[in-house]
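Student: let's see this in three dimensions:
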Amino acid sequence: MASNNHQSTTSNEHSNNWLSQWPSNLSLANCERCDWIFLLPSDAPSRCPHCGQPELVRLDAETDKPVYTQPPELVVPFSVDLARVKQSVTQFAKGIGFAPADMTAKRLNGRLQKLYLPLWLVDTAVNARWEAEMGFNYEVISHREQYKDDKWVTTEYKGSKIRWESRIGTLNRQYDNVRAPALEEQQAIEQHLGPMVEREERPYQPDALADAFICLPNRPPEDAWEDVQLTIRKIATKECQRAGKAAHQRNFRWSADYHNKHWTQLLYPIYVTHYLDDDDNANMIFIHGQTGKLIGKRRASPKKAKKISVGFGIVTAVSFAISLLLFLGGIWMPTLSPIGATLLNIAFWLGTLAFVPLVAVWLIDRFYSSENQAVEDSLLL
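Tutor: Predicted coordinates:
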């Protein structure tokens with residue numbers, strides 16, 4: 001349940017020195033690519049932990065004040081074992097052929113960075129009048145006449161139908177800890193990385209966040225309220241169906257009034273790391289800080305494949321040239337001709353192998369293309 005002593009966060013009145021409510025070593029920065037706003041330690045790397053943009057733009061905390069600046073009431077700590085995270089990252093680095101030179105377990109684990117993402121928890125009382133059609137299953141028996149073996153045979157069949165009844169009622173209850181997105185990208189994040197697990201929430205302590213990136217909400221409470229109403233309506237729809245002891249329900253409508261709304265900002269944890277591809281673009285990897293689930297783009301390296309192919313090509317060319325010289329030498333020394341033929345055969349197979357790395361990279365990228373696209377469409381925009 002959300003903390004009873006939390007303050008309503010719908011107020012627009014902030015302290016003139018709002019950053020003082022956060023850990024003392026944090027500064028404000030913005031990513032011009034994905035437009036996320038962060039609080040980050042002064043010694044943290046400047047690369048965006050969301051989209052991989054090389055440089056974050058440092059902002060002035062007063063003149064560039066974000067739309068929402070209050071610290072959270074609750075923080076979910078990292079609970080997945082760090083050794084397990086590193087093991088997953090190591091497996092990710094080993095899991096692809098012709099990997100980019102930067103995609104090594106040592107570099108990925110060395111770049112692991114803590115990141116906290118915001119989420120709203122809402123408490124509200126609801127008074128509503130509702131109406132719906134409730135569906136109840138009932139059994140019907142039918143008979144079928146069939147002429148068989150020189151006589152009429154009656155077969156009994158049992159089936160199920162739905163009886164619909166109109167119902168009207170009222171609902172008066174308290175809903176606590178209704179989740180609402182504090183980020184525009186929240187739905188996509190949960191779809192691929194998984195939702196925050198309800199456990200181990202702790203009151204906000206500034207020192208606990210001192211070594212992490214903190215993403216500030218880009219959806220303030222007034223923007224997220226519509227999502228809260230939709231969520232409560234879905235919950236209420238199921239509750240009314242259960243109350244009516246109906247197997248089915250349709251055409252649910254209601255008129256609801258909300259009272260005593262309280263908003264709690266919660267931060268939940270993920271790990272972030274990255275590797276650079278052939279074009280020095282950062283490919284982000286995200287690990288759920290509670291479950292350890294990992295998602296990230298897998299890219300093979302055409303540059304590495306091309307180097308290997310060129311190496312095979314050079315050896316092929318040299319072998320072919322030597323084989324020709326041996327054939328020519330065979331005019332005067334017949335014993336050289338069989339050697340030349342053997343070397344020409346070797347050159348042919350080496351030339352064939354020269355195309356294997358390029359084809360392999362193409363196949364690898366096609367194999368991971370749907371997975372990569374899902375990550376790009378969700379977390380990397």
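Student: what is the neighbour count of the closest residue to residue 96 other than its chain neighbours?
Tutor: Spatial nearest neighbour of residue 96, chain neighbours left out: residue 298 (5.0 Å); criterion: C-beta to C-beta, 6 or more residues apart in numbering. Backbone N, C-alpha and C define where each C-beta goes, glycine included. Neighbour count for residue 298, taken as other C-beta atoms under 10 Å: 21.
Student: list the buried residues of the helix or strand hosting residue 189.
Tutor: Following DSSP states H and E, the helix or strand that holds residue 189 is helix 186-193. In terms of neighbour count (16 or more other C-beta atoms under 10 Å), helix 186-193 has its buried residues at 186, 188, 189, 193.
Student: got the contact list for residue 46?
Tutor: 29, 54, 55, 56 (C-beta atoms under 8 Å, 6 or more residues apart in numbering).
Student: for the last one, report the pLDDT, please.
Tutor: I take that to be residue 56. Residue 56 is assigned 94 on the pLDDT scale.
Student: need the contact list for it.
Tutor: 29, 30, 31, 38, 40, 46, 47, 48.
Student: quick one: buried ones out of those?
Tutor: 29, 30, 31, 38, 40, 47, 48.
Student: name the residues that touch stretch 149-167?
Tutor: By C-beta under 8 Å, 6+ apart, stretch 149-167 touches 131-147, 240, 244, 246-248, 250.
Student: so which of those residues sit within helices?
Tutor: Among these, DSSP state H puts residue 240 in helices.
Student: the contacts of stretch 149-167, buried ones only, as a ChimeraX selection?
Tutor: Selecting only the buried entries of the contacts of stretch 149-167 in ChimeraX, with 16+ other C-beta under 10 Å as the criterion:
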select :132,134,135,240,244,246
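Student: pretty sure residue 350 contacts residue 309?
Tutor: No. The pair residue 350 / residue 309 is not scored as a contact, 10.9 Å apart, by C-beta atoms under 8 Å.
Student: can you give me the first-to-last residue distance of stretch 37-47?
Tutor: 13 Å (C-alpha to C-alpha, to the nearest Å).
Student: got the contact list for the residue nearest to residue 197 when sequence neighbours are not counted?
Tutor: Distance criterion C-beta to C-beta, 6+ apart; nearest residue to residue 197, sequence neighbours excluded, is residue 290 at 4.6 Å. Residue 290 is in contact with 76, 78, 79, 80, 196, 197, 199, 268, 269, counting by C-beta under 8 Å, 6+ apart.
Student: pull out the buried members of those.
Tutor: 76, 78, 80, 196, 268, 269.
Student: pLDDT wise, what is the fifth one at?
Tutor: By that I understand residue 268. 95.
Student: which of the residues in the helix or strand where residue 154 lies are buried?
Tutor: Using DSSP H and E, residue 154 maps to strand 151-181. Within strand 151-181, the residues that qualify as buried are 167, 175, 178, 179, 180, 181, counting by 16+ other C-beta under 10 Å.
Student: these two touch, right, the second one and residue 123?
Tutor: In this case it means residue 175. Yes. Assessed by C-beta under 8 Å, residue 175 is found in contact with residue 123 at 7.0 Å.
Student: how about the secondary structure of residue 83?
Tutor: helix (DSSP: H, G, I helix; E, B strand; the rest coil).
Student: no no, residue 109
Tutor: Applying three-state DSSP: residue 109 is helix.
Student: let me see the contact set for it.
Tutor: 86, 89, 90, 273.
Student: what is the burial count for the first one?
Tutor: Around residue 86 there are 18 other residues, counting by other C-beta under 10 Å.
Student: list the helices and strands the helix or strand hosting it packs on?
Tutor: Counting by DSSP H and E, the element that carries residue 86 is helix 82-94. When contacts are defined as 3 or more C-beta pairs under 8 Å, 6 or more residues apart in numbering; DSSP states H and E, helix 82-94 packs onto helix 105-110, strand 248-276, strand 282-288, strand 294-296.
Student: can you name the residues bridging to the nearest residue to residue 119 once chain neighbours are set aside?
Tutor: Excluding the flanking residues, the one nearest residue 119 by C-beta to C-beta, 6+ apart is residue 266, at 4.9 Å. Note on residue 266: beta-bridge partners by DSSP bridges are residue 74, residue 119.
Student: still on that earlier bit, for the helix holding residue 189, name the packing helices and strands.
Tutor: Using 3+ C-beta pairs under 8 Å, 6+ apart: helix 186-193 touches helix 369-378.
Student: just the contacts of residue 56: which has the poorest pLDDT?
Tutor: Among the contacts of residue 56, residue 46 has the weakest pLDDT, 85.
Student: how is this protein divided into domains?
Tutor: 18-129+169-297, 130-163, 304-365 (automatic domain parsing).
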